[in-house]
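Asker: Build the 3D model from these lines:
(one chain, ligands or ions: 1)
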Amino acid sequence: SSNAAASYVTRHLGNSVLCHGEARRARSRGVRAYTSTSSEKKERVVILGSGWAGYALARSVSPSKKDRVLISPRSYFVFTPLLASASVGTIEFRAAIEPVRRLGLTDYHQAWASEAGPIPSGKEFEVGYDKLVIAVGCHSQTFGVEGVKEHACFLRDVGDSRLIRLKVLKAFEGAALPSTSEEDKKKLLHFAVVGGGPTGIEFAAELFDLVHEDLSKMYPALMKYVNITIYDIAPKVLPMFDKNLANYAIEMFHRQGIKVKTEHHLQRIRRVDDHLMLKIKEEPEEVGAGVVVWSTGLKQNPLVEKLVGQEIEGFGKILKDPKTGGIIVDEHMRVQTEFGSNGNKEKLTLPDVFAIGDCSVVEGEGFPNTAQVASQQAVYLGRQLNKGIDENKPFRFRNWGTMAYLGSWRAIHQSASDELKGKAAWILWRTAYLTKSMSIRNKLLIPVYWAITWIFGRDISRF
Ligand code: FAD
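Answerer: Sure thing, here's the model as predicted:
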């Protein structure tokens with residue numbers, strides 16, 4: 001009920017956060033007081049989310065100064081830039097994740113903050129905090145396109161990568177059956193990517209590598225049926241890159257046979273037998289596909305949707321960004337509210353509550369929703385929490401540049417000072433991913449997998 005929701009929010013921001021555990025078979029729902037195993041003297045920093053923002057913050061907050069409590073349904077951090085590689089077997093899934101328990105936290109709870117998670121059936125409990133950091137990220141936006149939720153694959157977690165890998169290999173095995181007609185082979189081996197941003201482009205490039213470096217050897221007779229198409233409603237793909245680099249990418253895709261269809265609107269996906277049929281506004285007939293990867297659009301996390309716009313006693317409403325719906329924070333990542341009625345509005349700062357990463361918007365700044373921004377905000381906030389908030393040290397974003405892999409060992413890179421394309425950009429791309437990966441274990445594992453793929457090819461077993 002709306003009353004329950006309101007009391008939840010009041011409790012949530014009144015120095016405790018309500019969570020739901022993952023235990024699906026739990027029959028009773030009870031509230032228990034939080035009991036800390038640690039020293040009472042240290043401040044307790046409670047972090048919601050184990051993504052680029054939450055995980056990096058948990059690493060940055062000093063355990064000698066604070067008790068760190070992490071709450072997230074995901075017991076691991078995902079290195080999202082490697083998900084496309086993992087989905088085609090260039091690296092193994094484990095090399096793209098870091099278990100949160102390795103951080104030596106005071107406590108980790110595999111749970112959702114609020115009742116907004118998809119499995120709100122677990123036990124309910126409350127966690128007290130001195131400082132609360134909301135870092136719950138965003139969800140994928142399907143814009144209400146029919147059939148996307150049911151039939152398309154997303155690319156946001158390792159589970160998504162695993163599913164894509166399975167579906168690609170299933171499409172090839174299905175097409176290889178003697179009973180499959182020519183027409184159905186074409187449909188099954190059409191791979192549609194919706195979204196021409198770096199993620200969609202990189203996935204198409206990785207898929208091209210898988211098909212041409214590995215699957216072509218296993219299924220030579222099927223190669224003539226394979227098609228990869230990128231659809232985007234915008235007039236151009238890779239909008240964050242200079243025209244020169246975006247054109248280089250399109251020309252390269254053209255040479256590789258990857259079709260880029262801009263100003264194309266996907267209106268519906270439906271399943272027919274073992275393949276999918278896509279209705280594209282600009283095409284006269286439905287298009288068949290074996291796999292559709294949806295990599296466009298973000299929407300706010302249900303927890304954020306619930307929090308913004310609700311009344312908090314003495315502080316008014318949490319301010320939300322009108323464009324993205326994200327939580328507005330000041331340049332110290334502190335959550336902002338608006339108090340008072342029409343003629344007499346006052347902006348306030350919510351004490352001890354912060355928001356970082358994709359779910360937040362720094363007032364007056366248009367930072368993109370990227371891992372770069374999220375991790376820099378986390379490191380900044382970690383330092384601020386360790387030392388005490390310094391009003392003279394606002395958050396400053398340092399843009400390290402943008403990169404995208406284009407397949408066949410080529411990439412593009414753009415920063416304020418330079419532009420690179422081709423093999424040199426690819427070397428930079430791989431070096432950057434390696435240096436940014438979090439643990440020494442993965443810094444070793446990733447090049448090992450790259451070498452294995454180079455020598456022996458990708459793992460294409462279906463299990
Ligand atoms: P997320 O990383 O999404 O993490 C959110 C966390 O909150 C998750 O652990 C989730 O389980 C948890 N959570 C959700 N709801 C709750 C709740 N109610 N209670 C508690 N926890 C909750 N950016 C770049 O800069 N460079 C790249 O090359 C790049 N490549 C990308 C490739 C892919 C495939 C994708 C999907 C994204 C890529 N990005 C890249 C963007 C980048 O990953 C995001 O901007 C970044 O993940 C945002 O970090 P975050 O911590 O805010 O959110």
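Asker: Asp160 should be in a strand, yeah?
Answerer: No. Asp160 sits outside any strand when classified using DSSP: H, G, I helix; E, B strand; the rest coil, being helix.
Asker: Confirm for me that it is in contact with Cys153.
Answerer: Yes. Contact criterion Cβ atoms under 8 Å: Asp160 and Cys153 qualify, at 6.1 Å. All C-beta atoms are positioned from the backbone trio N, CA, C, and that covers glycine.
Asker: just for the stretch 51-200 of the chain, where's the confidence low?
Answerer: 115-122 (pLDDT under 70).
Asker: Can you tell me the element Thr349 falls in?
Answerer: If you go by DSSP states H and E, Thr349 is part of strand 346-355.
Asker: should've said Ile328
Answerer: For Ile328, the element it lies in under DSSP H and E is strand 327-329.
Asker: before we move on, what about Lys149?
Answerer: Assessed by DSSP H and E, Lys149 sits inside helix 148-151.
Asker: Show me what that helix is packed up against.
Answerer: strand 266-272, strand 291-294 (3 or more Cβ pairs under 8 Å, 6 or more residues apart in numbering; DSSP states H and E).
Asker: Centre of the chain to it, how far?
Answerer: Helix 148-151 sits 18 Å away from the centroid of its parent chain (Cα atoms, centre = their mean, to the nearest Å).
Asker: Same check on stretch 396-413?
Answerer: Counting by Cα atoms, centre = their mean, stretch 396-413 is centred 17 Å from the centre of its parent chain.
Asker: Please apply the same query to stretch 296-313.
Answerer: 17 Å.
Asker: Export only the CA atoms of that stretch, formatted as CSV.
Answerer: The C-alpha trace of stretch 296-313 is given here as CSV (Å, rounded to 0.1, in the frame of the first residue of the first chain):
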residue,chain,number,x,y,z
THR,A,296,20.0,0.3,-26.0
GLY,A,297,18.3,2.5,-23.4
LEU,A,298,18.5,2.7,-19.6
LYS,A,299,15.8,3.2,-17.1
GLN,A,300,16.0,3.9,-13.4
ASN,A,301,16.2,1.2,-10.9
PRO,A,302,12.8,0.6,-9.2
LEU,A,303,14.4,1.6,-5.8
VAL,A,304,15.4,4.9,-7.2
GLU,A,305,11.9,5.4,-8.8
LYS,A,306,10.4,4.7,-5.5
LEU,A,307,12.7,7.0,-3.5
VAL,A,308,12.6,10.1,-5.7
GLY,A,309,9.6,12.2,-5.3
GLN,A,310,8.6,10.8,-1.9
GLU,A,311,8.2,13.0,1.1
ILE,A,312,10.9,12.7,3.8
GLU,A,313,10.0,14.4,7.0
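Asker: For it, buried residues please.
Answerer: Going by neighbour count (16 or more other Cβ atoms under 10 Å), the buried part of stretch 296-313 is 296-298, 300-308, 310, 312.
Asker: average pLDDT for it?
Answerer: Mean pLDDT, stretch 296-313: 87.
Asker: got the contact list for the closest residue to Val88 other than its chain neighbours?
Answerer: Using Cβ to Cβ, 6 or more residues apart in numbering and skipping residues adjacent in sequence, the residue nearest Val88 is Leu210, 3.9 Å away. By Cβ atoms under 8 Å, 6 or more residues apart in numbering, Leu210 lies in contact with Val88, Gly89, Thr90, Val168, Arg458, Ile460.
Asker: Equivalent analysis for Met277, please.
Answerer: Counting by Cβ under 8 Å, 6+ apart, Met277 has contacts Ile269, Arg270, Arg271, Glu286, Val287, Gly288, Ala289.
Asker: what does Trp409 give?
Answerer: Taking Cβ under 8 Å, 6+ apart, one finds Lys423, Trp426 in contact with Trp409.
Asker: What number of residues are in the vicinity of Lys217?
Answerer: 10 (other Cβ atoms under 10 Å).
Asker: swap that for Ser341, sorry
Answerer: Neighbours of Ser341 (other Cβ under 10 Å): 7.
Asker: How much space separates the residue positioned nearest the centre of the chain from Gly196?
Answerer: Geometric centre of the chain, nearest residue: Arg156, 4.4 Å, by Cα atoms, centre = their mean. Look at Arg156 and Gly196: by Cβ to Cβ, to the nearest Å, they are 17 Å apart.
Asker: now swap in Val373 and tell me
Answerer: 21 Å.
Asker: mind checking the SS state of Pro284?
Answerer: Quick answer, by three-state DSSP: Pro284 is coil.
Asker: no, scratch that, I was asking about His212
Answerer: helix.
Asker: so His190 touches Gly288, yeah?
Answerer: Yes. With contact defined as Cβ under 8 Å, His190 reaches Gly288; the gap is 5.9 Å.
Asker: For the two, indicate the residue with more neighbours.
Answerer: Comparing His190 with Gly288 by other Cβ under 10 Å, the one with more neighbours is His190, at 23 against 20.
Asker: could you list every residue that touches the residue of the stretch 101-250 of the chain found nearest the ligand?
Answerer: Closest to the ligand within the stretch 101-250 of the chain is Gly137: 2.5 Å, counting by Cβ to the nearest ligand atom. With contacts defined as Cβ under 8 Å, 6+ apart, Gly137 is in contact with Gly49, Gly51, Trp52, Ala53, Asn301, Gly357, Asp358, Cys359.
Asker: try 6 Å this time
Answerer: Gly49, Gly51, Gly357, Asp358, Cys359 (Cβ atoms under 6 Å, 6 or more residues apart in numbering).
Asker: from these, which is closest to Asp130?
Answerer: Gly49 (18.0 Å; Cβ to Cβ).
Asker: so that closest one makes contact with Cys138?
Answerer: No. Using Cβ atoms under 6 Å, Gly49 is not in contact with Cys138; the gap is 10.8 Å.
Asker: So between these two, which is more surrounded?
Answerer: More neighbours surround Gly49 than the other of Gly49 and Cys138, with 29 against 20 (other Cβ under 10 Å).
Asker: Render the CA-only coordinates of stretch 231-239 in CSV, please.
Answerer: Taking Å, rounded to 0.1, in the frame of the first residue of the first chain, the C-alpha atoms of stretch 231-239 are listed here in CSV:
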residue,chain,number,x,y,z
TYR,A,231,19.7,-1.6,-36.0
ASP,A,232,19.5,1.9,-34.5
ILE,A,233,16.7,4.5,-34.6
ALA,A,234,19.3,7.3,-34.6
PRO,A,235,20.7,8.7,-37.9
LYS,A,236,24.2,7.6,-36.9
VAL,A,237,25.9,5.0,-34.7
LEU,A,238,28.7,5.6,-32.1
PRO,A,239,27.4,9.1,-31.5
